[in-house]
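Asker: Provided below for reference: sequence and predicted model.
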Amino acid sequence: MRVATGCDVVDVARLAAVADRRAGFVDRVFTRAEVADCTRGGVALGSPTGRARLAARFAAKEAARKALGDLRLPFHAVEVRRDEVGAPRLHLRGRASDWSCSLSHDGGVALAVVVGLIDDPSDRVHDPT
């Protein structure tokens, strides 16, 4: 077993500009559950809070893809959902994983860290679920 880690940072304004400029970007990158989490509590997706939440989830997708060693993994194959107490929970290929995921955003920057175990060190792309 080995520990696989990934981290990523995203400029919130840059991601928001891409989402505003490219029709369908949000639907191509984020699942309905992720969008629902970002808009919980009546938050508009285009608001500063909604944009920061999207950027943090984008960073988590990138961090997970890095940890898995597969940057070609489709964005919808990595999903960040809130668990029953509101903490981020990583889902891989449609199933809840036991990998840890931490999100943060402040000062126009979003950050995510993903950590999990991979059974076979020679198999860089392994489904940990």
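Answerer: Structure's in. What do you need? Remember, it's a predicted structure, so these values are computed and weren't measured experimentally. Numbers count the residues shown, from 1 in each chain.
Asker: how about residue 63, what does it touch?
Answerer: For residue 63, the contacting residues are 6-8, 101, 112-114, by Cβ atoms under 8 Å, 6 or more residues apart in numbering. Bear in mind the C-beta positions are built from the backbone N, C-alpha and C, glycine included.
Asker: So, low pLDDT: which residues of this protein?
Answerer: Residues of the chain meeting the criterion pLDDT under 70: 120-129.
Asker: In it, mark out all the strands, start to finish.
Answerer: Assigned by DSSP state E, the strands in the chain fall at 2-11, 78-82, 88-92, 95-96, 100-106, 109-118.
Asker: The first one - contacts with which helices or strands?
Answerer: If you count contacts as 3 or more Cβ pairs under 8 Å, 6 or more residues apart in numbering; DSSP states H and E, strand 2-11 packs onto helix 48-68, strand 109-118.
Asker: ditto for the last one
Answerer: Contacting strand 109-118 under the criterion 3+ Cβ pairs under 8 Å, 6+ apart are the following elements: strand 2-11, helix 12-21, helix 48-68, strand 100-106.
Asker: Quickly list what the closest residue to residue 79 other than its chain neighbours is bridged to.
Answerer: Using Cβ to Cβ, 6 or more residues apart in numbering and skipping residues adjacent in sequence, the residue nearest residue 79 is residue 91, 4.1 Å away. Taking DSSP bridges as the rule, residue 91 bridges to residue 79, residue 96.
Asker: quick one: residue 91 and residue 77 touch, right?
Answerer: No - counting by Cβ atoms under 8 Å, residue 91 sits too far from residue 77 to count as a contact (9.1 Å).
Asker: Mind checking which of these two has more residues around it?
Answerer: More crowded of residue 91 and residue 77, by other Cβ atoms under 10 Å: residue 91, with 20 against 17.
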